[in-house]
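Chemist: Just a sequence and a predicted model for now, questions to come.
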Amino acid sequence: MRNVTVLVACLFSATVSAADSHGEYIARISDCVACHTAEGGDAMAGGKKFPTPVGDIFSTNITPDKTHGIGNYSYEDFEKAVRQGIAKDGHPLYPAMPYPSYAKLSDEDVQALYRYFMHDVTPSATANKENEIPWLISARWPLHIWNWLFTDAPATAAVGSNSTDASAARIQRGAYLVEGPGHCGSCHTPRGMAMNEKAYTNADAQYLSGAMIDGWYAPSLRGTGMSEQELTSLLLTGKSKHAAVSGSMAEVVSESTQYLTDEDAAAIAQYLRSLKNAKPEPTRAGTTTASWSNSPQAGKVVYNRYCSTCHGQEGKGTDNNAPSLIHNPLVMVDDPTPLFRVISQGAETPTTRGNVSFKMPAYNGLLTEVEMRDVINYVRKSWGEGNGEVSQEELAGLKPATH
């Protein structure tokens, strides 16, 4: 009888673990820990600061603590917060919480998330921090209007518009992961004047068409030309032959996408490859390749001295180290901001299960302003497919936006 009891207990434990592991997986790919964990703080206990145009807001405690966290939330309370951005007491959450994307989460996934947070996350008595928003604009009621204007009713993510019948199921899974838990549009979709994402699905060509965020450029994910293998590698390791993640995306890979199953990473890659390229934005005024100054050749001297050791004289990069500059998104994009930021401030790829971190040093202070301009122009002319020359005045204008 004792053996039967032990067997039943083991089977029950295995069943609970399997259910809970699904909830943990959804929490991982939804990147909950990255936003709800402050540096040095308890996991999911909130307190991480997010600067916004109206002031600084702080993520909240979402552990099952009954005083400071969500321990008193019923499933209905939890579901409403996740999908609609409404807290248990009825006040609207700030849309820094990507509930417009989480609205697409399936019932099964939201239920798994609830079980995970209530039973597997360790409660923390960390008190929530007050947001630092001037009282004149701190009222929450306008957010109800914002929600009415800019969010959609919960709905399952749709299949990529130009999918084939054979790959429809995989592309639909990729669409769900990108548009729902992955909330990729939060960074890669341009925002309107009300800080709303201009689109939430592939039905609008602005979706995932690229945007500036935190001084970094989140490149367009539409028509990238990357292979499925390259996109999968970026998601799971933070680097591929032609690119390496940096800035906010490094944290996304470290805390979230590296935990994707191979099947889900491939589904995302197939969905992104199914997206039609957005109409290219017009080239910046005054930037043509018809007449260049001598700076690209002067930049070659700077490049060979400081950059070629890792990226190679032909810009091909080195395996498992520095990425190729050929077809590199930072080089290809017309806006020179991301390239300037990486060169001036440096960058570090995340350490993942499949990749050892690589750190590029910061050259701000080592290079003069003229050398910085010259090397940027050399890289862009050599491997940017005709990107225009950056003037000294433009370079000076980039500094306030990237510091």
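Modeler: In hand now; what should we look at? Residues are numbered from 1 along each chain as shown.

Chemist: And the strands in the stretch 251-400 of the chain?
Modeler: Taking DSSP state E, counting those that start in this stretch, the strands of the stretch 251-400 of the chain run over residues 347-348, 359-360.

Chemist: Tell me the strands beside the first one, with direction?
Modeler: Neighbouring strands of strand 347-348 in its sheet, by DSSP bridges, are strand 359-360 (antiparallel).

Chemist: can you list contacts of the partner strand?
Modeler: Contacts with strand 359-360, where a contact means C-beta atoms under 8 Å, 6 or more residues apart in numbering, come from 310, 322, 342, 346-349. The way it works is simple: take the backbone N, C-alpha and C, and place the C-beta from them, glycine included.

Chemist: Out of those, list just those in helices.
Modeler: Counting by DSSP state H, the part of the contacts of strand 359-360 found in helices is 310, 342.

Chemist: Just the buried ones from the contacts of strand 359-360?
Modeler: Among these, those that count as buried by neighbour count (16 or more other C-beta atoms under 10 Å) are 322, 342, 347-349.

Chemist: could you redo those as a markdown table and give each row distance to Ala168 and pLDDT?
Modeler: Compiled in a markdown table, those are given as follows (distance: C-beta to C-beta, whole Å; pLDDT from 0 to 100):
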| residue | distance to Ala168 | pLDDT |
| --- | --- | --- |
| Ala322 | 38 | 83 |
| Val342 | 38 | 91 |
| Ala347 | 37 | 86 |
| Glu348 | 38 | 85 |
| Thr349 | 34 | 81 |
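
Chemist: what's the closest of those residues to Ala38?
Modeler: The nearest member of those to Ala38, counting by C-beta to C-beta, is Glu348 at 20.3 Å.

Chemist: Could I get the contacting residues of the closest one?
Modeler: Residues touching Glu348, when contacts are defined by C-beta under 8 Å, 6+ apart, comprise 246, 250, 357-360.

Chemist: Give me the below-cutoff pLDDT ranges for this protein.
Modeler: By pLDDT under 70, the weakly predicted segments of the chain are 1-20, 153-166, 278-296, 320, 386, 399-403.

Chemist: Just give me the residue right at the centre of it.
Modeler: The residue at the geometric middle of the chain, judged as the C-alpha nearest the mean C-alpha position with C-alpha atoms, centre = their mean, is Met249 (4.8 Å).

Chemist: State the helix or strand in which that one lies.
Modeler: helix 248-255 (DSSP states H and E).

Chemist: Which among the contacts of Glu348 count as buried?
Modeler: The neighbour count (16+ other C-beta under 10 Å) marks 246, 250, 358, 360 as buried among the contacts of Glu348.

Chemist: so what's the first one closest to, chain neighbours aside?
Modeler: To tie it back to what came earlier, the one meant is Ser246. Ala347 (3.7 Å; C-beta to C-beta, 6 or more residues apart in numbering).

Chemist: Any idea what that neighbour is bridged to?
Modeler: For Ala347, the beta-bridge assignment (DSSP bridges) gives partners Met360.

Chemist: Outline the domain layout of the protein.
Modeler: Annotated domains of the chain cover 2-150, 165-274, 295-402 [automatic domain parsing].

Chemist: just the ones you listed: most buried one?
Modeler: The highest average neighbour count among these, using mean count of other C-beta atoms under 10 Å, belongs to domain 165-274 at a mean of 20.

Chemist: how distant is that domain from the center of its chain?
Modeler: Remark: domain 165-274 is offset 7 Å from the chain centroid, using C-alpha atoms, centre = their mean, to the nearest Å.

Chemist: So which residues of the stretch 51-200 of the chain form strands?
Modeler: Counting by DSSP E, counting those that start in this stretch, the strands of the stretch 51-200 of the chain are 55-58.

Chemist: Quick one: the helices in the stretch 251-400 of the chain, in order.
Modeler: Listed from the start of the chain, the stretch 251-400 of the chain has helices (DSSP state H, counting those that start in this stretch) covering 262-274, 295-306, 308-311, 329-332, 337-345, 369-383, 392-398.

Chemist: Can you tell me which of these is nearest to Arg173?
Modeler: When the helices of the stretch 251-400 of the chain are compared for distance to Arg173 using C-beta to C-beta, the nearest one is helix 262-274, at 4.2 Å.

Chemist: could you say what helices and strands that closest one packs with?
Modeler: Packing partners of helix 262-274 (3 or more C-beta pairs under 8 Å, 6 or more residues apart in numbering; DSSP states H and E): helix 168-179, helix 228-237.

Chemist: tell me which strands and helices the helix holding Met249 is in contact with?
Modeler: In terms of contacts (3+ C-beta pairs under 8 Å, 6+ apart), helix 248-255 is packed against helix 32-36, strand 216-218, helix 228-237.

Chemist: just so I know, which of those lies nearest Glu394?
Modeler: Here strand 216-218 is closest among those (C-beta to C-beta), at 15.0 Å.

Chemist: which one of the contacts of Glu348 sits closest to Ala139?
Modeler: Distances from Ala139 to the contacts of Glu348, taken as C-beta to C-beta, are shortest for Ala250 (35.6 Å).

Chemist: Stretch 87-101: end-to-end distance?
Modeler: For stretch 87-101, the separation between the terminal residues is 17 Å (C-alpha to C-alpha, to the nearest Å).

Chemist: can you check stretch 221-228 too?
Modeler: Stretch 221-228 has an end-to-end distance of 13 Å (C-alpha to C-alpha).

Chemist: and if you look at stretch 202-218?
Modeler: Distances were taken as C-alpha to C-alpha; on that basis the terminal residues of stretch 202-218 are 17 Å apart.
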